[in-house]
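1. When you get a sec, could you give me coordinates for this:
(4 chains)
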Protein chains: 2
Amino acid sequence: MHISTKCSVAIHCLIFINEYGGKQKVTSDLLSLSTGSNPVTIRSILSSLKKDGILSVKFGTGGATLNCPLKEVSMYRICRAIEPDFVSKLFGVHALPSPLCPVGKNIHNVLDCSYQKIGNDLCDSLKRITLEDIISDYYAIRQKTD
Amino acid sequence: MHISTKCSVAIHCLIFINEYGGKQKVTSDLLSLSTGSNPVTIRSILSSLKKDGILSVKFGTGGATLNCPLKEVSMYRICRAIEPDFVSKLFGVHALPSPLCPVGKNIHNVLDCSYQKIGNDLCDSLKRITLEDIISDYYAIRQKTD
DNA sequence: TAATGATGTAAATTTTAAAATTACAGGAGG
DNA sequence: CCTCCTGTAATTTTAAAATTTACATCATTA
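-> Here you go, the predicted structure:
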């Protein structure tokens, strides 16, 4: 019910593929080592990103490569690829308010009004950040710490 | 790791208290009936809201009342009262990236850059919605469905 | 053409976080 | 002093996420 850690792992993978995808075969096992998450999880993440056209994975022989200019891959697109209705899962809602109470009867609709506004704002915010920005952050941080 | 359902329950309670707080004694048991969540959960939510000065709860005899003009109670304030570091829990992050990999070594810092921007935007968005807005939504919806 | 090293998925298990429950001490007011 | 309530700790239950296991399938190459 939160924006999944899968999203963080996906970004990790995308940076990795951008960095090493040309030079070597980037497999789910390799990404598993780098991210510390399970190769099956990686494969399911790559599969989602693939369906969205963000990257390609060679079946049989293996290896992932980016499929799309960095600036066209927004965080919104990544989140949506990983979890299509991530917005509606942002806020948890109590499932069983009393239908006998005027507040209980209407609370879901009332909350929806505000949560929809907030969800829209969040999407806008996510659209403003692209993989290009993230990768330039990555280079900036590497320079500082090297 | 998401914005808790406690936040939805808190809003439910605040609407209820605003509506009935003057007329009758609003106890945690009553709110439990209306929300469908446990009285202990309600008490812990009210306790958080109380600490933030949003409402008062009479100890001993019982009953909750609002303590603050509706327009001064933003969703940001509610979320923060319930869960002080809700922003940092918005995005899950994989715990153990490889320190041997240049990407793994830096990924947490890289993600922080973007997640901080998004967190700030979210806070702005939450600050723009107040209990006053929510309660006027409530009245509007009640009129439609009655 | 068989062996190798990948992907793609389904199903079961483990882990983790959230919420409910139980239990009880303590205060206000009739 | 009895009743109804709050405050809070500790335990149990529930639900969601991630890992693990297992295996069918596919391309390359030796």
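
2. Can you tell me the element residue A:11 falls in?
-> Element membership of residue A:11, judged by DSSP states H and E, is helix A:5-20.

3. Name the next helix or strand following that helix along the chain.
-> helix A:28-35.

4. which residues touch that next one?
-> A:9, A:12-13, A:16, A:24, A:38-43, A:46, A:62, A:64, B:94, B:97-98, B:101, B:103-104 (Cβ atoms under 8 Å, 6 or more residues apart in numbering or on different chains). Bear in mind the C-beta positions are built from the backbone N, C-alpha and C, glycine included.

5. Quick check: the residue of chain A most remote from its centre vs residue A:129, distance?
-> The C-alpha centroid of chain A is most remote from residue A:100, which lies 39.9 Å away (Cα atoms, centre = their mean). Going from residue A:100 to residue A:129 by Cβ to Cβ, to the nearest Å gives 45 Å.

6. ok, now residue A:34?
-> Counting by Cβ to Cβ, the gap from residue A:34 to residue A:129 is 22 Å.

7. of these two, who's got more company?
-> More crowded of residue A:34 and residue A:129, by other Cβ atoms under 10 Å in any protein chain shown: residue A:34, with 25 against 21.

8. one step back: when you filter the contacts of helix A:28-35 down to buried only, what's left?
-> A:9, A:12-13, A:16, A:41-43, A:46, A:64, B:94, B:97, B:101, B:103-104 (16 or more other Cβ atoms under 10 Å in any protein chain shown).

9. hmm, stretch A:106-119 in reach of chain B?
-> Yes. Using Cβ under 8 Å from any Cβ of the partner chain, stretch A:106-119 reaches chain B at A:106, A:107, A:109, A:110, A:111, A:113, A:114, A:117, A:118.

10. Mind giving me the PyMOL command for buried ones among those?
-> To isolate the buried members of the residues of stretch A:106-119 next to chain B in PyMOL, using 16+ other Cβ under 10 Å:
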select buried, chain A and resi 106+107+110+111+113+114+117+118
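
11. Mind putting the residues of stretch A:106-119 next to chain B into a markdown table with secondary structure and pLDDT?
-> As requested, these are arranged in a markdown table below (DSSP: H, G, I helix; E, B strand; the rest coil; pLDDT from 0 to 100):
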| residue | secondary structure | pLDDT |
| --- | --- | --- |
| A:106 | helix | 97 |
| A:107 | helix | 97 |
| A:109 | helix | 97 |
| A:110 | helix | 97 |
| A:111 | helix | 97 |
| A:113 | helix | 96 |
| A:114 | helix | 97 |
| A:117 | helix | 97 |
| A:118 | helix | 96 |
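
12. As JSON lines, the residues of stretch A:106-119 next to chain B with distance to residue B:58 would be great.
-> JSON lines is the format used below for the residues of stretch A:106-119 next to chain B (distance: Cβ to Cβ, whole Å):
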{"residue": "A:106", "distance to residue B:58": "27"}
{"residue": "A:107", "distance to residue B:58": "25"}
{"residue": "A:109", "distance to residue B:58": "31"}
{"residue": "A:110", "distance to residue B:58": "27"}
{"residue": "A:111", "distance to residue B:58": "28"}
{"residue": "A:113", "distance to residue B:58": "31"}
{"residue": "A:114", "distance to residue B:58": "29"}
{"residue": "A:117", "distance to residue B:58": "34"}
{"residue": "A:118", "distance to residue B:58": "33"}
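
13. Can you check the pLDDT for residue A:2?
-> Per-residue pLDDT puts residue A:2 at 67.

14. For DNA strand D, tell me which of the buried ones among the contacts of helix A:28-35 show up nearby.
-> For DNA strand D, the contacts drawn from the buried ones among the contacts of helix A:28-35 by Cβ under 7 Å from any atom of the strand are A:41, B:94.
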